[in-house]
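*Asks:* predicted coordinates and the sequence they were generated for:
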Amino acid sequence: MLLARLRGMAGGERVTVLPVGAAEVDLPERLAAVVGMHMVGHLAPDTRRALWRGIAARLAPGAPVVLNVQPPETATAVPAWPPFGVRQGELTYQGTGSAEPTGSESVRWRMQYATLRDGVVVEEAVAEYEWWVLSAAGLAAELGGAGLRTEIDGDLVVARN
């Protein structure tokens, strides 16, 4: 989806999408901006802090780092929510999720997806993954520890050097 959107945008051909996680990226010498949406919880605390230090060392003066956090902010259970879905052509695609604490700083998300035709399930899939919980204030503190100034706006954290 990202590649399809980039293809239709002016300048999109200059964007490179790497097949690795944020912590595995070989950062360039200079960064004009960093954007990370809905991904911070995939990184363990020590991994995040190392990434923030690497970013801070390469960030151009005044350049922004824009990140967000997602609930939950603490390691608490998240009950399954009612399935959400969308109809496309003859099929309906549904999803739901829940989480259980796995430690003092993490939860394990279980996402369930179903494809239905006329109300009958034709395919199901389940994805489970570890999520490191973090509040916007906690993220701002980590970025501050890397030498960046931060501003918080709800779940959004913007940092600059």
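*Replies:* Perfect, thanks for sending it.
*Asks:* what's the longest helix in this structure?
*Replies:* helix 45-58 (DSSP state H).
*Asks:* how about the residue positioned nearest the centre of the chain: what's its closest non-neighbour residue?
*Replies:* In the chain, the centroid-proximal residue (Cα atoms, centre = their mean) is residue 39; its distance is 1.7 Å. Leaving aside its sequence neighbours, residue 39 sits nearest to residue 22 (Cβ to Cβ, 6 or more residues apart in numbering; 6.3 Å). Backbone N, C-alpha and C define where each C-beta goes, glycine included.
*Asks:* do I have it right that the one you found meets residue 37?
*Replies:* No: with contact defined as Cβ atoms under 8 Å, residue 22 does not count as touching residue 37 (11.2 Å).
*Asks:* and these two? Which one has more around it.
*Replies:* Set side by side, residue 22 and residue 37 show more neighbours around residue 22, with 17 against 10, by other Cβ atoms under 10 Å.
*Asks:* phi, psi of that one?
*Replies:* Dihedral pair for residue 22: phi -60, psi -40, per degrees, to the nearest 10.
*Asks:* quick one, what contacts it?
*Replies:* Contact analysis of residue 22 by Cβ atoms under 8 Å, 6 or more residues apart in numbering lists 36, 39, 42, 43, 51.
*Asks:* inside strands: which ones of those residues?
*Replies:* Secondary structure from DSSP state E places residue 36 of the contacts of residue 22 in strands.
*Asks:* ok, and the most crowded of the contacts of residue 22?
*Replies:* Neighbour max across the contacts of residue 22 (other Cβ under 10 Å) = residue 51, 22 neighbours.
*Asks:* who's in contact with that residue?
*Replies:* Residues near residue 51 by Cβ under 8 Å, 6+ apart: 22, 23, 43.
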